[in-house]
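> Structure of the sequence below:
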Amino acid sequence: MIESPRLMEWSADSNEGVDPLLSREWLVTNGLGGYASGTVAGVPTRRYHGLLVAALPAPLGRVMMLNRLAERILLPGGVAGRLGGLERDGSLKVHAAGSLVEFRLEAGLPVWRYRVGQALIEKRVLLPHRQNTVHVTYRLLEGADVARVEARIGLNIRPHDDPVSTPLKLPYTLSMTGDRFGVRAHGDSDTDSPMLRLHLWGARPYMALSPGVTRGVYFRIEAGRGYSDTGDFWTPGAFRFDLRAGREVTLGASAEPWDHFLALEPEAARSAEAFRRESLIEAVSPGLRTAFGAELVLAADQFLITPAGRVADEARKQAEGGEALTVIAGYHWFTDWGRDTMIALEGLTLTTGRAREAGAILRTFSRYVRDGLIPNYFPDGQNEGLYHTADATLWFFHALGRYVEATGDRTTLRLILPTLIDIVDHHRRGTRFGIGVDPADGLLRQGAEGYQLTWMDAKVDDWVVTPRRGKAVEINALWHNALRLLEGWARAEGRAREADEAARSAERARDSFNKRFWNEAAGCLFDVVDGEHGDDPAIRPNQILAVALDHPALDPSRWGAVLETVRSKLLTPLGLRSLAPGEPDYKPRYYGDLRSRDAAYHQGTVWAWLIGPYIDAWLKVHPGDAEGVRDILAGFEAHLGEAGMGTISEIFDAEAPFQPRGCVAQAWSVAEVLRGLARAEAETSRGVG
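Predicted coordinates:
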């Protein structure tokens, strides 16, 4: 098993208090979009914290099936304690219950060790790959021959995105057949939500029935985000079993049918997952098998899923001899987003030796093109996407370009090429949401009232925070790049007419780009030209793409100036600010209720994913500077030990100490940092680092 450096030793006497136990979170995923997640302390602080969130076919989507287990330990002689949670001692000091002594990630999987009296007890959580099942395994390591465990179940079966105040669907019913236990919410059937199935391996199962409701459980992060912050759990009672030295007991919970759930014993599931994870590390270049690189490779794996909710996709792919794959944009609340997928694709798949998955994802998305657009995202529990995006489709060209370059897969290119030509034709003629080429200058404009079409897409009710309607700088950099890619592909496939048309469009767009977007007074690029209020001189990171892409729209003579502006005003240890300090709308912190957060989302807040384009631009201006890239990435390695442990957050405050915010695990954050690290390793291997 690959050991992770994410080791967190703990003492009740720690001067840090309990905040690190509540602010550091763990995440285990199942390759379907389902997951288990919580705090190191074992205290739920988000609506998404639970031991089993199952990914189920539409219209169900992701469902919170098992919220928590509250474990008590009883040792011979009457010594008792708890595993996880918080409690007050005689002096009213709050500390970790159960005397937590260590938390670590072992190949990305969470492991706790607790000291109860003289006994040392270990707890692990595993989700077998592509099963809506969780295994919670206990071992008595030392200090006693036997320990009695009481694991009390806490439930509020609901869609995972529903508020914690969602009423319990009482009465829940508990059924028992031999050593099999099932729980179902009142009035539910298999078409409403599945039964939660429970089973115990390694000990005689005994359920101490004591049905009841725990009222007023407090979720502190929900409170801080302005949402309902108290909820209730129902319990049927508790499993009781003896834990003996040298043996282990596993409590399993599942939304799968019984035969599927019980087919894989816990030890076999653990061995299979260990092999799978070791194989992921073996698939990457040796330079990425270091601690930092290996952690990122395992983190990247969490986002690559078979979309369990879209049955038609899976049926189609199976008929073709493949499988439907997509990318979860972030945990806990994101689904698969077109833009995020295309930006993250190279880092998640090509950098990690998973080109087959990359091809499957690209082919899957190509089937969803409508009116020249790929979906912005697929809502949870739905089969059809929403298309309100101006840039996701252009990122599709970029992702396909990197894929073809890495694999030489001309078969996939030929399959998708007619769709690419159709996409460009739709953009020339004009398509949805005001997206279309301005015949006056060949630049791409976009904008429709009430829509947020670029990646800076915050919206609260009818308020589009950064509408950027007009000709946005990164949209036109991506448009030029897409045209150049299409030109090369069409020419190679003998489609001279389409290639010539793309070349003419690209040349005109590039000429207009350099005339229209250069802001001589600031020595950098306008963020938007021909906008609602004229040309926007706000200093934002979007301009870096005019340098970073494979076919830069910006003249090389201006690359250095743009890079220096971004470096001096936007670069932080954890990504690029979305707006420079000193700008009128700049917000240094991202916090508060939804309206307050969205007001800051792209108004200074640091985005980790932007470090990837920044590194691409850096290496164009400073060729071969591998050490410079490593310096740029240095802050991320330390970040793997905070917030979502072993992964990278979505965003950060704009100023020190750059507090992690948003999702604790974001696909394009992980992907672009991993890709940047791979670029540094590649430069070193060429002997120029």
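
> all contacts plus neighbour counts: C-alpha atoms, from now on.
Will do.

> Quick one: name whatever helix or strand follows the longest strand seen in the chain.
Among the segments of the chain that qualify as a strand by DSSP state E, the longest is strand 230-244. Using DSSP states H and E, the helix or strand that follows strand 230-244 towards the C-terminus is strand 248-254.

> Can you point out the buried residues in stretch 67-84?
For stretch 67-84, burial by neighbour count (16 or more other C-alpha atoms under 10 Å) applies to 67-75, 80-84.

> for those residues, which one is nearest residue 116?
residue 81 (5.8 Å; C-alpha to C-alpha).

> So that closest one belongs to a strand, correct?
Yes: Residue 81 forms part of a strand when assessed by DSSP: H, G, I helix; E, B strand; the rest coil.

> how close does it sit to residue 150?
11 Å (C-alpha to C-alpha, to the nearest Å).

> Packing partners of the longest strand of the chain?
strand 133-142, strand 146-154, strand 207-218 (3 or more C-alpha pairs under 8 Å, 6 or more residues apart in numbering; DSSP states H and E).

> swap the cut-off to 10 Å and go again
strand 68-74, strand 133-142, strand 146-154, strand 173-177, strand 196-201, strand 207-218, helix 220-224, strand 248-254 (3 or more C-alpha pairs under 10 Å, 6 or more residues apart in numbering; DSSP states H and E).

> Tell me which of the ones you listed approaches residue 560 most closely.
helix 220-224 (41.6 Å).

> pLDDT on that closest one, on average?
What helix 220-224 shows for mean pLDDT is 95.

> roughly how far is that helix from the heart of the chain?
20 Å (C-alpha atoms, centre = their mean, to the nearest Å).

> So which bits of it are buried?
Under 16+ other C-alpha under 10 Å, the buried positions of helix 220-224 are 220-223.

> Distance to residue 406 added to the residues you listed, as JSON lines?
Formatted as JSON lines, these follow (distance: C-alpha to C-alpha, whole Å):
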{"residue": "220", "distance to residue 406": "45"}
{"residue": "221", "distance to residue 406": "42"}
{"residue": "222", "distance to residue 406": "43"}
{"residue": "223", "distance to residue 406": "46"}
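
> before we move on, the earlier item: who touches both of residue 81 and residue 150?
Taking C-alpha atoms under 10 Å, 6 or more residues apart in numbering as the criterion, residue 81 and residue 150 both touch 71-74.

> got the domain boundaries for the chain?
7-277, 283-685 (automatic domain parsing).

> what about the first one, how long is it end to end?
The stretch domain 7-277 measures 19 Å between its terminal residues, going by C-alpha to C-alpha.

> just how off-centre is it within its chain?
22 Å.

> cool, the longest one as well?
In this view, domain 283-685 has its centroid 15 Å away from the chain centroid, taken as C-alpha atoms, centre = their mean.

> Just the mean pLDDT for it, thanks.
94.

> Could you point out which of the helices and strands packed on strand 230-244 sits nearest residue 525?
helix 220-224 (37.1 Å).

> In JSON lines, list the helices and strands packed on strand 230-244 along with distance to residue 674.
Converted to JSON lines, these look like this (distance: least, C-alpha to C-alpha, whole Å):
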{"stretch": "strand 68-74", "distance to residue 674": "33"}
{"stretch": "strand 133-142", "distance to residue 674": "28"}
{"stretch": "strand 146-154", "distance to residue 674": "38"}
{"stretch": "strand 173-177", "distance to residue 674": "46"}
{"stretch": "strand 196-201", "distance to residue 674": "37"}
{"stretch": "strand 207-218", "distance to residue 674": "36"}
{"stretch": "helix 220-224", "distance to residue 674": "29"}
{"stretch": "strand 248-254", "distance to residue 674": "33"}
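
> which one of those lies closest to residue 593?
helix 220-224 (7.2 Å).

> Name the secondary structure element that contains the residue sitting furthest away from the middle of the chain.
For the chain, the largest distance from the centre (C-alpha atoms, centre = their mean) belongs to residue 77, which lies 46.7 Å off. Secondary-structure assignment from DSSP H and E places residue 77 in no helical or strand segment.

> Please tell me how far it sits from residue 245.
Distance of residue 77 to residue 245, computed by C-alpha to C-alpha: 17 Å.

> Next: residue 107.
25 Å.

> and these two? which has more neighbours close in?
residue 107 (22 against 18; other C-alpha atoms under 10 Å).

> Give me the pLDDT value at the more buried one.
For residue 107, the predicted pLDDT is 95.

> What of residue 64?
Residue 64 is given a pLDDT of 97.

> from here on, count from 58
Fine by me, first position is 58 from now on; the one you just mentioned is residue 121.

> isn't it right up against residue 220?
No: the criterion here is C-alpha atoms under 10 Å, and residue 121 misses it with residue 220 at 11.2 Å.

> what about the two, which has more around it?
Each of residue 121 and residue 220 has its neighbours counted (other C-alpha under 10 Å); residue 121 has more, 25 against 18.

> Who is the more buried one paired with across the strands?
residue 110, residue 215 (DSSP bridges).

> do the one 4 residues further on as well
Beta-bridge partners recorded for residue 125 (DSSP bridges): residue 211.

> Relative to residue 492, how far out is it?
Distance of residue 125 to residue 492, computed by C-alpha to C-alpha: 47 Å.

> Could you count how many residues lie near residue 592?
Count around residue 592 with other C-alpha under 10 Å applied: 18.

> Quickly note the distance from it to residue 615.
For residue 592 relative to residue 615 (C-alpha to C-alpha), the value is 19 Å.

> What residues sit buried inside stretch 487-496?
Using 16+ other C-alpha under 10 Å as the test for burial, stretch 487-496 gives 487-495.

> Thank you, goodbye.
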